[in-house]
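**Q** show me the folded form of this:
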Amino acid sequence: MEQMVWQMSVNERKFIETALASDLRVDGLRPFDYRRLTIKFGREDGSSEVQLGETHVMGYVTSELVQPYRDRPNEGTLAIFTEFSPMADPSFEAGRPGESAIELGRVIDRGLRESRAVDMESLSVVAGKLVWSIRVDLHIIDNGGNLVDAANVAALAALLTFRRPECTLGGDNGQDIIVHDPKVVEPLPLIIHHLPIAVTFAFYNEGDIMVIDPTHKEESVTGGKMTVTINSNGDVCAIQKAGGEGVVPSVVMQCLRIASVKAADITSKLKNAAYAGIMRWGHCKKGASCNYFHS
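**A** Residues are numbered from 1 along each chain as shown. Purely as a prediction, here's the structure:
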């Protein structure tokens, strides 16, 4: 169970609410402005580091060969795991994940897996016997608010630069699985059809006031939040309403329009950063086509 250690003072709460009512935010941004988004990559395939304002998240992708699910014998699997450190926020406890960690994983998983962003059939090695299982680990380093959007970008960035080993059939009977050393045989990137971008809205004053990318303090006084996961084509992948005040249909439609514009902008930043990271560490051979982007 999570315990709130930090509590906002009455004066601080009133100041934030008064500023929002005047179309102002404490950090100087406008209601529909994102904080600065920084995307970095490690030398290792499938590792990313994302900062959204004061929010800091690291992503890491790994893979292993497993048996497929019986109802989907020709498809690999994708799973999202989150780790909340007490160093990121005093309200996080070490050990068993709390409600926030579970909810964060579910929102990102719903946007990625259920929208079929990653081609699951391309992860099949031997139909009905062996498939690749892709695991995305998200580590919350610092909670400055809006963990969903930051973690979503970290997951996508890590997936874009991840490469799995090449597999072939061999052996005396021609049925043995041979996993080739990445140093000998060029590993393969994931086939990603589109990039589902999470855009989170926070509501105040019974839904009359709305901002995107709420900070930690803005989340503390919000009347409710909603996350829209949408790609640059305007396809809605998922919508998550996290309790609190209700949202009328007209506001939902407004959120979808705003999210569509923001998703296109973040998608462009994500692709440019990923491409730069790939070229920096030499993941694409000079003069060869880079097969990382399919959206």
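**Q** tell me where this protein has strands.
**A** Assigned by DSSP state E, the strands in the chain fall at 37-41, 47-52, 55-66, 77-84, 124-126, 130-142, 163-164, 167-170, 176-179, 188-189, 197-204, 209-212, 224-230, 236-241.
**Q** now do stretch 191-200: distance to the chain's middle.
**A** Here stretch 191-200 shows a centroid-to-chain-centroid distance of 8 Å under the convention Cα atoms, centre = their mean, to the nearest Å.
**Q** returning to what we had before: okay if I get the strands of the chain as a markdown table plus mean pLDDT, mean neighbour count and distance to S22?
**A** For the C-beta atoms, the positions are set from N, CA and C on the backbone; glycine is no exception. Output for these, formatted as a markdown table (pLDDT from 0 to 100; neighbours: other Cβ atoms under 10 Å; distance: least, Cβ to Cβ, whole Å):
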| stretch | mean pLDDT | mean neighbour count | distance to S22 |
| --- | --- | --- | --- |
| strand 37-41 | 94 | 18 | 26 |
| strand 47-52 | 95 | 23 | 24 |
| strand 55-66 | 95 | 20 | 25 |
| strand 77-84 | 90 | 19 | 34 |
| strand 124-126 | 90 | 17 | 56 |
| strand 130-142 | 93 | 21 | 29 |
| strand 163-164 | 92 | 20 | 50 |
| strand 167-170 | 80 | 13 | 60 |
| strand 176-179 | 81 | 12 | 60 |
| strand 188-189 | 92 | 20 | 48 |
| strand 197-204 | 94 | 25 | 12 |
| strand 209-212 | 92 | 20 | 10 |
| strand 224-230 | 94 | 23 | 21 |
| strand 236-241 | 92 | 18 | 26 |
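**Q** okay, now the unreliable bits of the chain?
**A** Across the chain, the ranges flagged by pLDDT under 70 are 1-6, 86, 88-98, 171-174, 277-295.
**Q** where do the helices sit along it?
**A** 10-21, 99-113, 147-161, 216-220, 249-280 (DSSP state H).
**Q** and the longest one, what's buried?
**A** Taking 16 or more other Cβ atoms under 10 Å as the neighbour-count basis, helix 249-280 is seen to contain the buried residues 251, 255, 258-260, 262-263, 266-267, 270-271, 273-275, 277-278.
**Q** closest one to Q51 among the helices of the chain?
**A** Q51 lies closest to helix 147-161 among the helices of the chain, at 7.5 Å (Cβ to Cβ).
**Q** tell me which strands and helices the closest one is in contact with?
**A** Contact here means 3 or more Cβ pairs under 8 Å, 6 or more residues apart in numbering; DSSP states H and E; on that basis helix 147-161 packs against strand 37-41, strand 47-52, strand 55-66, helix 99-113, strand 130-142, strand 197-204, strand 224-230, helix 249-280.
**Q** dig out what P189 forms beta bridges with.
**A** R163 (DSSP bridges).
**Q** how close does it sit to G207?
**A** 42 Å (Cβ to Cβ, to the nearest Å).
**Q** what of I178?
**A** From I178 to G207 the distance is 58 Å (Cβ to Cβ).
**Q** what's the answer for P196, then?
**A** Distance of P196 to G207, computed by Cβ to Cβ: 25 Å.
**Q** between the two, which is the more surrounded one?
**A** Per other Cβ atoms under 10 Å, whichever of P196 and G207 has more neighbours is P196, with 28 against 15.
**Q** just checking, that one touches A238?
**A** Yes. When contacts are counted by Cβ atoms under 8 Å, P196 is listed as touching A238 (7.3 Å).
**Q** need the overlap of contacts for these two.
**A** 111, 115, 229 (Cβ atoms under 8 Å, 6 or more residues apart in numbering).
**Q** check contacts around the first one.
**A** Taking Cβ under 8 Å, 6+ apart as the criterion, G111 is in contact with 117, 152, 196, 198, 229, 237-238.
**Q** ok, now with 6 Å
**A** Listed by Cβ atoms under 6 Å, 6 or more residues apart in numbering, the contact partners of G111 are 196, 198, 229, 237-238.
**Q** same question, the second one
**A** S115 sits next to 196, 237 when contact means Cβ under 6 Å, 6+ apart.
**Q** do that again at 8 Å, thanks
**A** 194, 196, 229, 231, 235, 237-238.
**Q** ramachandran angles for it?
**A** Per-residue torsions, S115: phi -90, psi 0 (degrees, to the nearest 10).
**Q** picking that back up, could you dump the helices and strands packed on helix 147-161 into JSON lines with distance to A21 added?
**A** Shown next, in JSON lines, are the helices and strands packed on helix 147-161 (distance: least, Cβ to Cβ, whole Å):
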{"stretch": "strand 37-41", "distance to A21": "27"}
{"stretch": "strand 47-52", "distance to A21": "25"}
{"stretch": "strand 55-66", "distance to A21": "25"}
{"stretch": "helix 99-113", "distance to A21": "27"}
{"stretch": "strand 130-142", "distance to A21": "29"}
{"stretch": "strand 197-204", "distance to A21": "8"}
{"stretch": "strand 224-230", "distance to A21": "16"}
{"stretch": "helix 249-280", "distance to A21": "17"}
